[in-house]
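Trainee: okay, structure incoming, though there's no sequence with it:
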């Protein structure tokens, strides 16, 4: 699988992509994936600079570490760089590429650079359409809680890491990475173990079809090092398809009955025994006995995320004496550390209460994510339940409008705002209204183009008192604090 790139010179030096003698300039360094990689290289003693289109807290954090950054791509960092690093968010038609070509700078995709690092470490990679940020963050934090000292790069910010998306550990060998399938670039990784959470149709703007999505995951799993461990969710038919294609060591996990018998290899079954706001009790039936834990996370989907992490660590501990010692007798230290994971920002994140409103924020931007999240809130809090949803990408909105409508209908009050375009140009005829066209039977579903118009609406009674969830992968997270401020007495 190839990554679409501008027609520029190849990276150098040939055969060694990570070189302390070179200076690397990151275009779009404020992005979550780019910033994490930049910090990692900085801690490895490599000279880093970067630029982005606008100022942000992420740029401020990079500057505080001593990494030179500029707003705008025309700064001296680009001219002084030996190698230009970019992500798929920077399209080939961006004007900065003309300047890169004029300067004759070699360039490299961030995934190729990170892939070169993964090849030299014991890399545990987490992939999947849903749950990979929570699972990868949980895996890294759990290993740290067991007394190990991993480095980790994930796609979300953790309160337990001081609000960062990167954990810099002292173990030079152990690395946890979130492997993003959106542009297929994860095929550059060289993992020693893979946790595959699920596979569904998504990012069809890049992959074109579900068949190609599955093919990308198959290519990724094929990058496992010899005798590498594959952990996959048996509740996801397409993850099972990919998992059965791996001939090396593997273990599955899931909530479904009978998976252990049908897959013919070790399996961890998770059961949610009790769930209340702020607490969930899980039972894990494993090849090594029953394990129990209590977690502050909620929802059956998070039960699966935790089970996947547990399966990976338990199976790895049976292969690695160091991990076995860290996990403890009957995995008791593993279970304790797993239960101590408090979650990722913007994943069912509680924001506060005011005037009878209880506000949460969530990153869900795929119909399945919307459905399981609203189902969890319905089970935990009852009603009235309001969701304010910001679609992410015109292509995704067009592809899944009906599915979004069905998922959002779990809420009593639905407000859909305008599409967050992100990397895309508008598609004629596609907007937030496209989803509402499939919700004509819902008694309280509306389109409000600008989310900034919602706080005054709420104060006038246009949003019922109860649980309110802002949801989406764009800038909708800014609405919750604005609502709290408006609703304060």
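Mentor: Sure thing, it's come through. Being a predicted model, the structure only gives us computed values, none of them experimental. Numbers count the residues shown, from 1 in each chain.

Trainee: low-confidence stretches in this protein?
Mentor: By pLDDT under 70, the weakly predicted segments of the chain are 1-15, 206, 257-264.

Trainee: which SS class is the closest residue to residue 353 other than its chain neighbours?
Mentor: Across the structure, with Cβ to Cβ, 6 or more residues apart in numbering as the measure, the residue nearest residue 353 apart from its sequence neighbours is residue 359 (7.0 Å). From N, CA and C alone the C-beta is placed, and that goes for glycine too. Remark: residue 359 carries the secondary structure label strand [criterion: DSSP: H, G, I helix; E, B strand; the rest coil].

Trainee: how's the chain carved up into domains?
Mentor: For the chain, whose domains are defined here by automatic domain parsing, the residue ranges read 23-109, 119-339, 349-487.

Trainee: so which of those is the most packed in?
Mentor: Per-residue neighbour counts averaged over each of these give the maximum for domain 119-339, namely a mean of 20 (mean count of other Cβ atoms under 10 Å).

Trainee: isn't residue 235 right up against residue 304?
Mentor: Yes: with contact defined as Cβ atoms under 8 Å, residue 235 counts as touching residue 304 (6.8 Å).

Trainee: what touches both of those two?
Mentor: A shared contact of residue 235 and residue 304, defined by Cβ atoms under 8 Å, 6 or more residues apart in numbering, is any residue touching both; here these are 254-255.

Trainee: wait, what's in contact with residue 111?
Mentor: Applying Cβ under 8 Å, 6+ apart, the residues contacting residue 111 are 3, 87, 183, 185-186, 188-189.

Trainee: rerun that using 7 Å as the cut-off
Mentor: Residue 111 sits next to 185-186, 188 when contact means Cβ atoms under 7 Å, 6 or more residues apart in numbering.

Trainee: quick one: residue 355 and residue 485 touch, right?
Mentor: No: the pair formed by residue 355 and residue 485 falls short of the contact definition of Cβ atoms under 7 Å, at 11.5 Å.

Trainee: format the contacts of residue 111 as CSV; extra columns: distance to residue 309 and secondary structure.
Mentor: Shown next, in CSV, are these (distance: Cβ to Cβ, whole Å; DSSP: H, G, I helix; E, B strand; the rest coil):
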residue, distance to residue 309, secondary structure
185, 24, helix
186, 19, helix
188, 24, helix
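
Trainee: out of these, who's nearest residue 120?
Mentor: Nearest to residue 120, judged by Cβ to Cβ, of the contacts of residue 111 is residue 188 at 13.5 Å.

Trainee: my guess is the closest one meets residue 115, correct?
Mentor: Yes: assessed by Cβ under 7 Å, residue 188 is found in contact with residue 115 at 3.3 Å.

Trainee: what lies in contact with stretch 240-260?
Mentor: For stretch 240-260, the external contacting residues (Cβ under 7 Å, 6+ apart) are 196, 199, 214, 217-218, 221, 224, 227-235, 263, 265-271, 300, 303-304, 307-308, 311, 315.

Trainee: next, the residue nearest the centre of the chain: secondary structure please.
Mentor: Nearest to the mean C-alpha position of the chain, counting by Cα atoms, centre = their mean, stands residue 133 at 3.2 Å. Under three-state DSSP, the three-state class of residue 133 is helix.
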